[in-house]
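Engineer: sequence unknown, structure follows:
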């Protein structure tokens, strides 16, 4: 993260901007979102299969955006951003996943008569 | 060691005059990145709330996202936001060459496209309210509206920040402060596109199909 010049334009975080990278990230995520929208609005698959397919679309779009837009990689300059993001991901998943699991089990035990439970 | 290899004591530099640790821009942008990750945890709690309030009993026999979400309408918001993020990236590529006009064009385009995103979102929310879906309707509707509107609030403050940066760059040019802030705003703006993928796929699309 060190550099010996005072001109902010030459800072590595400025110089890592890449028109081609931003355009690639834009194109990949837009195509995937269009595909997901088309499949959902036409009910192309049964619900569970559809959920799996749009989850894969979202995952690829997010990875493309994290790589091309946030410049998360293992280069010397970005390694600490990458480390902190990698440590963040389990917190994000556990917060959502454990809360959802806890409440789904609670509903199962306390509201067995509710119609439409799944 | 021969005398030839020994440093001349009168000319020897005993310590480095430059600090080789984190420079100002890197320190600030790393700190801002950590802040953005904590902002991600805010969204995690809202996604968790939506997850537990998206069962059919959560809608109190009222309308569910399957009734009020229009996938292709929300897809136009996706296009506007992704284009805005792309425009900001193009502006930052111009900064690489010290091109102030290029940055300004990128910021203006990012601002206009962000306003389009926000306008479409506000129109959508007014439409929902007109059809009787507000935060008061049901727990499910509350979770849906709060999550999508917290994201919209991020866009609103990002738009204000874009205006501030246009004024600062116009007044001060490319200094360590302004360039550092442009880098922080780049992370903020690009992160909104990533959060939007989650919101669009797991709230709008999944809500529509279930």
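Structural biologist: Noted; the coordinates are in hand. Here the structure is a predicted model, which is why all the values come from computation and not from measurement. Numbering: from 1, shown residues only, chains lettered A, B, ... in the order given.

Engineer: specify the local secondary structure of residue B:174.
Structural biologist: coil (DSSP: H, G, I helix; E, B strand; the rest coil).

Engineer: got the contact list for it?
Structural biologist: Contacts here follow Cβ atoms under 8 Å, 6 or more residues apart in numbering or on different chains; on that basis residue B:174 touches A:8, A:9, B:95, B:98, B:100. All C-beta atoms are positioned from the backbone trio N, CA, C, and that covers glycine.

Engineer: that one and residue B:124, how far apart?
Structural biologist: Using Cβ to Cβ, to the nearest Å, we find residue B:174 at a distance of 38 Å from residue B:124.

Engineer: same question, residue A:91
Structural biologist: Taking Cβ to Cβ, one finds residue A:91 at 31 Å from residue B:124.

Engineer: what about the two, which has more around it?
Structural biologist: residue B:124 (19 against 14; other Cβ atoms under 10 Å in any protein chain shown).

Engineer: pLDDT at the more buried one, what is it?
Structural biologist: Note for residue B:124: predicted pLDDT of 97.

Engineer: list the contacts for it?
Structural biologist: B:73, B:74, B:77.

Engineer: residue ranges in the chain under the pLDDT threshold?
Structural biologist: Since no chain was named, I'll use chain A. Low-confidence segments of chain A (pLDDT under 70): A:1-5, A:112-118.

Engineer: meant chain B, my bad for not saying
Structural biologist: Looking at chain B by pLDDT under 70, you get B:1-5, B:18-22.

Engineer: now the helices for chain B?
Structural biologist: Taking DSSP state H, the helices of chain B run over residues B:24-52, B:65-68, B:71-96, B:100-130, B:139-172, B:176-198, B:206-209.

Engineer: reformat the ones you listed as a markdown table; add distance to residue A:83.
Structural biologist: What follows is the helices of chain B, written out as a markdown table (distance: least, Cβ to Cβ, whole Å):
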| stretch | distance to residue A:83 |
| --- | --- |
| helix B:24-52 | 11 |
| helix B:65-68 | 37 |
| helix B:71-96 | 23 |
| helix B:100-130 | 29 |
| helix B:139-172 | 25 |
| helix B:176-198 | 16 |
| helix B:206-209 | 31 |
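
Engineer: what are the buried residues along stretch B:173-188?
Structural biologist: Residues B:174, B:178, B:179, B:180, B:181, B:182, B:183, B:184, B:185, B:186, B:187, B:188 are the ones in stretch B:173-188 that count as buried (16 or more other Cβ atoms under 10 Å in any protein chain shown).

Engineer: which of those residues sits closest to chain A?
Structural biologist: Of all these, the one with the least separation from chain A (Cβ to the nearest Cβ) is residue B:179, at 3.8 Å.

Engineer: mind listing what the closest residue to that closest one other than its chain neighbours touches?
Structural biologist: Take residue B:179 and drop its neighbours on the chain: the residue closest to it by Cβ to Cβ, 6 or more residues apart in numbering or on different chains is residue A:8, 3.8 Å away. For residue A:8, the contact set (Cβ under 8 Å, 6+ apart) comprises A:14, B:25, B:174, B:175, B:176, B:178, B:179, B:180.

Engineer: list the residues that contact the residue nearest the centre of chain A.
Structural biologist: Taking Cα atoms, centre = their mean, the centroid of chain A lies closest to residue A:62, which sits 3.4 Å from it. Residue A:62 is in contact with B:194, B:197, B:198, counting by Cβ under 8 Å, 6+ apart.

Engineer: let me know the helix or strand that it is in.
Structural biologist: Assigning secondary structure by DSSP states H and E places residue A:62 in helix A:47-68.

Engineer: rewinding a little: the buried residues of stretch B:173-188 into TSV, with extra columns for distance to residue B:163?
Structural biologist: What follows is the buried residues of stretch B:173-188, written out as TSV (distance: Cβ to Cβ, whole Å):
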residue	distance to residue B:163
B:174	18
B:178	14
B:179	18
B:180	18
B:181	13
B:182	13
B:183	18
B:184	15
B:185	11
B:186	16
B:187	18
B:188	14
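
Engineer: now residue B:205. Nearest residue, chain neighbours left out?
Structural biologist: Nearest residue to residue B:205, sequence neighbours excluded (Cβ to Cβ, 6+ apart): residue A:40, at 4.6 Å.

Engineer: most neighbours, which of the contacts of residue B:174?
Structural biologist: The most crowded member of those, judged by other Cβ under 10 Å, is residue B:95 (25 neighbours).

Engineer: for that one, list the residues it contacts.
Structural biologist: Contacts of residue B:95 (Cβ under 8 Å, 6+ apart): A:9, A:14, A:17, B:102, B:103, B:174, B:179, B:182.

Engineer: any chance of the residues you listed in CSV, with distance to residue B:56 too?
Structural biologist: Putting the contacts of residue B:95 into CSV (distance: Cβ to Cβ, whole Å) gives the following:
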residue, distance to residue B:56
A:9, 56
A:14, 50
A:17, 46
B:102, 51
B:103, 49
B:174, 55
B:179, 51
B:182, 46
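
Engineer: of these, closest to residue B:129?
Structural biologist: Nearest to residue B:129, judged by Cβ to Cβ, of the contacts of residue B:95 is residue B:182 at 36.9 Å.
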